[in-house]
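Student: generate a structure from the sequence data that follows.
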Amino acid sequence: STPAKIEALRLKALQLLQDEQYRYQLNLFPSASSNFPTAKVSDWQITGYHQVFGSVYDRIGFSTTLLRDLVIARIAHPKSKAATIRYLKNYLGIQLKKDTVYRLLDTLNKQNLTQIAYDFVSRYHPQGVSICFYDVTTLYFETPREDEFRQKGFSKDHRTDMPQILIGLFVDSNGYPFDIDWFEGKTFEGHTFSQAIDSIQNRYTFPQLTVVADAGMLSQDNLAYLEEKNIHYIVGARLKNLPILLTRQILSHPFERQVQFQTLFKRHRFIVDYSESRAKQDRKNRERTLIKLQKKLTQRLPIIKKSKYLKLEGKQKVVGIDEDQIIYDQKFDGLKGYYTNLKQKIAVTHIIDQYHQLWHVEKAFRMSKHDLRERPIYHSQPGRIKAPLLLCFVSLLVMKETETQLRKINCTLEKAIELLGKVGQGKVRVNNVMLAAESEVDILTQTILNLFVGH
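Tutor: As a prediction, the model looks like this:
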């Protein structure tokens, strides 16, 4: 009906005639068939990411601003700001200037974004968020220079030579992040606890709240704070730091017959759980450490980091491996301690299961650092440091919700990102004929799109 469509049909007919001509006989001059014009793709844009991640972003309730495009780019192609701008232009058809991106990042408001995140997460908890998980990680910077915010301290990335900040994250029982905070680099992680809890208590409405945290948060001040606030807690316990009488009581328990031990310690429940798989891992880790130490001792290599398995003469001189320490540590293989103020009617297995859900926070940190490339960060101004962290926080929530929905069709987030990168639209030119074009999609890709688009 149009000259372009007529020309396209004519070219298709020529191609079919050519294919038919040599169906039953060989072409003596194969190069003759190569003169047929080939199609050229232009103005191609990936649309799959916006259809899926954009849909989830909107469903959560974040505002429809440039942040939406930056979140989608961060999930699909986590790179620097300059690389993100190029990616948006070359693959998503979005033209941006660096100044525009910086102006947007400067306007990001933590209170607004985390409130939207909490409101969305609360939809999965009709009675309110009753249990949350808290943990802290460190983020170091590519500079030796310190300031009031970026400071050297204990680094979970083993980069004590670089200044860092601490990042605290709250997730719900499904692993959805709903609040984030940051602290000066030299802050002890246990000292972030009460400040972080105060923040969410002042901003959100909870029913009777239970907070789950690892042993780094276990201090008398923190537990007294939670008692005062009438907050339940489940925290990890360091078994080797206990009073001698309690330690003897634990080690004398027959874990081979009864894998859980429970007693009262400072008026609250102290639980110890035994796992054979954990025992194997403890033995494996210790053996790996001992092999490295023995190798250094044999080759007389310098031992920079002191180990509890080294026998010292005086305070500095290393004289061998401490066999007594090895024998003592073996007694704790497979044991894990928990301390809680939950009432006796709450089953021990439930408490242990809840504590083990802390992996949700660890996974969130892993996704932020690796999948979303949270670092490196070269900024020095606190505002410019916090903005990319907020971008990663929003992206993390979008990824988590996308991941949850993809489980319905047994598809991973990584697979979806791969497939959606092939979904797009643009133009195809053959000779002087220009036609609109869109990608063909396979069954799984179409299933993914159906899952998100229009819902």
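Student: right, and residue 289 touches residue 308 too?
Tutor: No - Residue 289 is beyond contact range of residue 308, at 9.4 Å (criterion: Cβ atoms under 8 Å). Yep, even glycine has a C-beta here, placed from its N, CA and C like the rest.
Student: who touches both of the two?
Tutor: With contacts defined as Cβ atoms under 8 Å, 6 or more residues apart in numbering, no residue is shared by residue 289 and residue 308.
Student: all strands of the stretch 251-400 of the chain, in order?
Tutor: Using DSSP state E, counting those that start in this stretch, the strands of the stretch 251-400 of the chain run over residues 260-265, 268-274, 310-313, 317-321, 335-340.
Student: partner strands of the third one, parallel or antiparallel?
Tutor: In its sheet, strand 310-313 lies beside strand 317-321 (antiparallel), with partners assigned from DSSP bridges.
Student: buried stuff in the partner strand?
Tutor: 318, 321 (16 or more other Cβ atoms under 10 Å).
Student: repeat that for stretch 219-236.
Tutor: Within stretch 219-236, the residues that qualify as buried by neighbour count (16+ other Cβ under 10 Å) are 219, 222-223, 225-226, 231-236.
Student: please apply the same query to stretch 174-188.
Tutor: Residues 175-185, 187 are the ones in stretch 174-188 that count as buried (16+ other Cβ under 10 Å).
Student: distance from it to the middle of the chain?
Tutor: 13 Å (Cα atoms, centre = their mean, to the nearest Å).
Student: where in this protein is pLDDT low?
Tutor: Scanning the chain for pLDDT under 70 picks out the ranges 27-37, 304-305, 315, 371-380, 454-455.
Student: chain center to the longest helix seen in it, what's the gap?
Tutor: Counting residues, the longest helix in the chain under DSSP state H turns out to be helix 382-406. Relative to its chain's centre, helix 382-406 lies at 9 Å (Cα atoms, centre = their mean).
Student: what do you get for stretch 49-56?
Tutor: Here stretch 49-56 is found 19 Å from its chain centre; the criterion is Cα atoms, centre = their mean.
Student: report the buried residues of it.
Tutor: Going by neighbour count (16+ other Cβ under 10 Å), the buried part of stretch 49-56 is 49-56.
Student: nearest to residue 409 among these?
Tutor: Checking the buried residues of stretch 49-56 against residue 409 by Cβ to Cβ gives residue 52 as the nearest, at 12.2 Å.
Student: got a list of what the closest one touches?
Tutor: By Cβ under 8 Å, 6+ apart, the residues touching residue 52 are 402, 416, 420, 448-449, 452-453.
Student: for residue 143, phi and psi?
Tutor: In terms of degrees, to the nearest 10, the main-chain angles of residue 143 are phi -160, psi 150.
Student: could you report the neighbour count for it?
Tutor: Using other Cβ atoms under 10 Å, residue 143 has 14 neighbouring residues.
Student: how about the contacts made by the nearest residue to it once chain neighbours are set aside?
Tutor: Excluding its sequence neighbours, the residue lying closest to residue 143 (Cβ to Cβ, 6 or more residues apart in numbering) is residue 163, at 6.9 Å. With contact taken as Cβ under 8 Å, 6+ apart, residue 163 is in contact with 140-141, 143-147, 150-152, 185.
Student: pick out the most distant pair among those.
Tutor: 140 and 147 (13.7 Å).
Student: more neighbours: those two, which one.
Tutor: Higher neighbour count among residue 140 and residue 147: residue 140, with 23 against 14, using other Cβ under 10 Å.
Student: go ahead and confirm the more buried one touches residue 162.
Tutor: Yes - assessed by Cβ under 8 Å, residue 140 is found in contact with residue 162 at 4.1 Å.
Student: which residues does residue 310 bridge with?
Tutor: Applying DSSP bridges to residue 310, the residues it is bridged with are residue 321.
Student: thinking again about what came up before, and the buried residues of stretch 49-56 as CSV, adding secondary structure and distance to residue 443?
Tutor: Shown next, in CSV, are the buried residues of stretch 49-56 (DSSP: H, G, I helix; E, B strand; the rest coil; distance: Cβ to Cβ, whole Å):
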residue, secondary structure, distance to residue 443
49, helix, 20
50, helix, 21
51, helix, 17
52, helix, 16
53, helix, 21
54, helix, 22
55, helix, 20
56, helix, 22
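Student: out of those, the closest to residue 97 would be?
Tutor: The closest of the buried residues of stretch 49-56, once distances to residue 97 are taken by Cβ to Cβ, is residue 50, at 20.3 Å.
Student: now for the residue nearest to that closest one when sequence neighbours are not counted: which residues touch it?
Tutor: Take residue 50 and drop its neighbours on the chain: the residue closest to it by Cβ to Cβ, 6+ apart is residue 72, 6.0 Å away. Residue 72 makes contacts with 49-50, 53-54, 57, 92, as judged by Cβ under 8 Å, 6+ apart.
Student: could you say which helix or strand holds residue 72?
Tutor: For residue 72, the element it lies in under DSSP states H and E is helix 66-76.
Student: so which bits of the helix or strand following that helix are buried?
Tutor: Downstream of helix 66-76, the next assigned helix or strand under DSSP H and E is helix 81-91. Across helix 81-91, burial judged by 16+ other Cβ under 10 Å covers 81, 84-85, 87-88, 91.
Student: who does helix 81-91 touch, helix- and strand-wise?
Tutor: helix 66-76, helix 98-106 (3 or more Cβ pairs under 8 Å, 6 or more residues apart in numbering; DSSP states H and E).
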